[in-house]
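**Student:** take a look and give me a structure for this.
(2 chains)
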Number of protein chains: 2
Amino acid sequence: MTPSEVLLSEIRAQPEVWRAALERRDAVAATAARLAAAPPTLVRVAGHGTSDHAAIYASYLLRLLCGWTVVRDSISLPLYYGLPAAKPGELAIGISQSGETPDVVEWLRAAKAGGATTLAVTNGERSALADAADHLLPVGAGAEQSIAATKTYTGTLVAFALLAGALAGRGDQLAAGVAEAADAADATLPGLERAVEPVAEALAPAQRMYLSARGLELATAYEISLKLTEVCYVGAKAMSATAMAHGPVAALDETLPVWLIAARDATLPAVREAAQRAIAARAPVVASGAAAGQLEGAAHVLQTPALGEPLLSPLLSVLPGQLFAVALAHAKGIDPGAPRHLRKVTSAA
Amino acid sequence: MTPSEVLLSEIRAQPEVWRAALERRDAVAATAARLAAAPPTLVRVAGHGTSDHAAIYASYLLRLLCGWTVVRDSISLPLYYGLPAAKPGELAIGISQSGETPDVVEWLRAAKAGGATTLAVTNGERSALADAADHLLPVGAGAEQSIAATKTYTGTLVAFALLAGALAGRGDQLAAGVAEAADAADATLPGLERAVEPVAEALAPAQRMYLSARGLELATAYEISLKLTEVCYVGAKAMSATAMAHGPVAALDETLPVWLIAARDATLPAVREAAQRAIAARAPVVASGAAAGQLEGAAHVLQTPALGEPLLSPLLSVLPGQLFAVALAHAKGIDPGAPRHLRKVTSAA
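**Tutor:** Numbers count the residues shown, from 1 in each chain, chains lettered A, B, ... in the order given. All right, here's what the predicted structure looks like:
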């Protein structure tokens, strides 16, 4: 397979990764029981790039399902400024696909030294991060060859969904939801692969793009932004639908497309307002997500199915973005499987 | 004055705004004493755009000086998903230049209803936000006419610095540092105004730009990014120096300049590594901040003075970015004082 075909195959493999996670439910429930024995006063999370976007999702999910407040914490404060990373009674979660991201590992060790309970969320079950942590939540996505993370991203979301479900006594419901999402993804992926092609052709000249959402789908906006940046070299920027009105809207014109992820929940009016402002500024709007059809006037619509468990919608709403990144790279004449200047495990300090 | 001249005059007025804040020191100390009477278990902050960037600075400062953990909190969880905004024992800080940003006001009211102590940080001393809060930390920057916030941004940083200093029993030291920063800014601004001109000429064709730092200067990267977006319509994206290595580096080439803010502290090696990666990818690098001279190979250097109190460096390091935004707009043929599609008080839901 070419690198581009490998990337596509990893995108298509996601429903299988999610189903495989369901087979580890008992282990997740056992981890949840150990964590729930002493509910944390505060949850601190650290990760970079795609792992940070999974942390955004986790921050919404753990608060919505468990009432736990989550800080996407500064790594530099303990590592460079010498502060305690965490306190006793807190839960520190390190997220890293490889489990080898140096400063995330070091941060988790510092949190443990500070007295916090520590959890590693990683696809590297035998890794420095897993070794450093009290508890392990494996992602179990299998080897990911592409530099652009796809199945490890949604695999991490599923891991958090199963954990938060178990913590909230809603494990069965979330597990059923993951199974439903996997079936919906299988049913939707072939159509989406075709649907993104004309959008990529239309937006091929774009050098900049905004990605926006509000609430639970914010993680999706950030993750699609990163895919477009690393796979297609687009200057893509994610922001909340409300933040867009606080300045970035000024840059909008017909050369700056706006990709909006619309959820079927109370955030929809804010996303609709962002769509109207983008359209008024003549920006091409891509409407995506489960409520894509409700963003009137969008130039392009990439709808994803509504799920019985709306907390799992981000599993589906990222799919058109992943596929669009591949299609846009092709439309731009870039090999989406071989991003420049990148290694798979990032070792930057 | 033209809108462009008004913007420049507001940039130049900043040292005076900072000095004026020193005259309110007693009131700030009284507010600090009331807050310190019951140290918060957690600090939650909400704000949009420039106010959110001030929140980044506050999150570092309150942790470094007081050991308080700060969450830049989700507004949507209480407003759209119905969760409690805060708990008793917590401190909720709403930041808004006008004091009229609707969802920040609503969020602060929800935090108060949840039992938290509330603090308004605003340039609008008679505003809905000030009315809603238990305590007020005025910014006192005077009327800001330009849509692009400049003196209210650094005015908010100074307010937080004086508050955190008072909380930490280091009020005199921080106040002296603010006075030193004002003098240094007065001495530096005229030279910086000239120094940004050739940089703006060289980078005039840029449609995209990365802004990056690590640690305390991260707020500066985000704030300059927003100025470039709203004043010059650049697709500007801020990220930590480490996050850049996790994907965005792939997009770098000679058409994508990277502006790095280098501090004289332990984060410098991480920023130097980011500079080396950007240069290796042939990106034009602008080295800025108090340690700008230590980023070898940068195409442009915009050095700011080192201060006796390094926690106040972000007051100076944002100045070249503000001035560059004006110069770049002129170089692009845009009126920097009249951004498209924007009103001064943002009323988006």
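**Student:** I figured residue A:153 was touching residue A:49, is that so?
**Tutor:** No: look at residue A:153 against residue A:49 with C-beta atoms under 8 Å: they stay out of range, at 9.6 Å. Placement of C-beta: from N, CA and C, glycine included.
**Student:** for the closest residue to residue A:6 other than its chain neighbours, give its distance to residue A:8.
**Tutor:** Using C-beta to C-beta, 6 or more residues apart in numbering or on different chains and skipping the chain neighbours, the partner closest in space to residue A:6 is residue A:145 (5.1 Å). Going from residue A:145 to residue A:8 by C-beta to C-beta, to the nearest Å gives 12 Å.
**Student:** which one of the two has more residues nearby?
**Tutor:** residue A:8 (21 against 13; other C-beta atoms under 10 Å in any protein chain shown).
**Student:** residue A:289 contacts residue A:217, correct?
**Tutor:** Yes: using C-beta under 8 Å, residue A:289 is in contact with residue A:217, at 6.1 Å.
**Student:** relative to residue A:120, how far out is whichever residue of the stretch 1-150 of chain A sits closest to chain B?
**Tutor:** In the stretch 1-150 of chain A, the residue that lies nearest chain B is residue A:49 (3.2 Å; C-beta to the nearest C-beta). To residue A:120, residue A:49 is 17 Å away according to C-beta to C-beta.
**Student:** one step back: what is in contact with residue A:289 and residue A:217 at once?
**Tutor:** A:261-263, A:313, A:317 (C-beta atoms under 8 Å, 6 or more residues apart in numbering or on different chains).
**Student:** any chance of those residues in JSON lines with neighbour count and secondary structure as columns?
**Tutor:** Compiled in JSON lines, the shared contacts of residue A:289 and residue A:217 are given as follows (neighbours: other C-beta atoms under 10 Å in any protein chain shown; DSSP: H, G, I helix; E, B strand; the rest coil):
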{"residue": "A:261", "neighbour count": "36", "secondary structure": "strand"}
{"residue": "A:262", "neighbour count": "30", "secondary structure": "coil"}
{"residue": "A:263", "neighbour count": "25", "secondary structure": "coil"}
{"residue": "A:313", "neighbour count": "25", "secondary structure": "helix"}
{"residue": "A:317", "neighbour count": "29", "secondary structure": "helix"}
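**Student:** what's the closest of these to chain B?
**Tutor:** For those, the nearest to chain B is residue A:263 (9.6 Å; C-beta to the nearest C-beta).
**Student:** quick one, what contacts that closest one?
**Tutor:** So, once contact is read as C-beta under 8 Å, 6+ apart, residue A:263 ends up touching A:213-217, A:271, A:289-291, A:310, A:313, A:317.
**Student:** now a PyMOL select for only the buried ones of these.
**Tutor:** To isolate the buried members of the contacts of residue A:263 in PyMOL, using 16 or more other C-beta atoms under 10 Å in any protein chain shown:
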select buried, chain A and resi 213+214+215+216+217+271+289+290+291+313+317
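**Student:** need the contacts of residue A:263 in TSV with secondary structure, can you?
**Tutor:** Formatted as TSV, the contacts of residue A:263 follow (DSSP: H, G, I helix; E, B strand; the rest coil):
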residue	secondary structure
A:213	strand
A:214	coil
A:215	helix
A:216	helix
A:217	helix
A:271	helix
A:289	strand
A:290	coil
A:291	coil
A:310	helix
A:313	helix
A:317	helix
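**Student:** within reach of chain B, which of the contacts of residue A:263 are there?
**Tutor:** Taking C-beta under 8 Å from any C-beta of the partner chain, the overlap between these and the neighbourhood of chain B is A:214-215.
**Student:** please enumerate the helices of the stretch 51-200 of chain A.
**Tutor:** For the stretch 51-200 of chain A, helices defined by DSSP state H, counting those that start in this stretch occupy the ranges A:76-81, A:102-113, A:128-132, A:151-167, A:171-203.
**Student:** pull the residues that contact the second one.
**Tutor:** Yep, that's helix A:102-113 we're talking about. A:44, A:46-48, A:51, A:73, A:75, A:78-79, A:84-86, A:90, A:92, A:94-96, A:99, A:118, A:120, A:128-129, A:132-134, A:347, A:349, B:242.
**Student:** got a pLDDT number for the residue of chain A most remote from its centre?
**Tutor:** Distance from the centre of chain A peaks at residue A:82, with 30.0 Å (C-alpha atoms, centre = their mean). As predicted, residue A:82 sits at a pLDDT of 95.
**Student:** now residue A:347
**Tutor:** 45.
**Student:** if we can go back for a sec, out of the contacts of helix A:102-113, which sit inside strands?
**Tutor:** Counting by DSSP state E, these place A:44, A:46, A:92, A:94-96, A:118, A:120 in strands.
**Student:** what mean pLDDT does the helix or strand hosting residue A:320 have?
**Tutor:** Assessed by DSSP states H and E, residue A:320 sits inside helix A:319-332. Averaging pLDDT along helix A:319-332 gives 97.
**Student:** no more questions from me, cheers.
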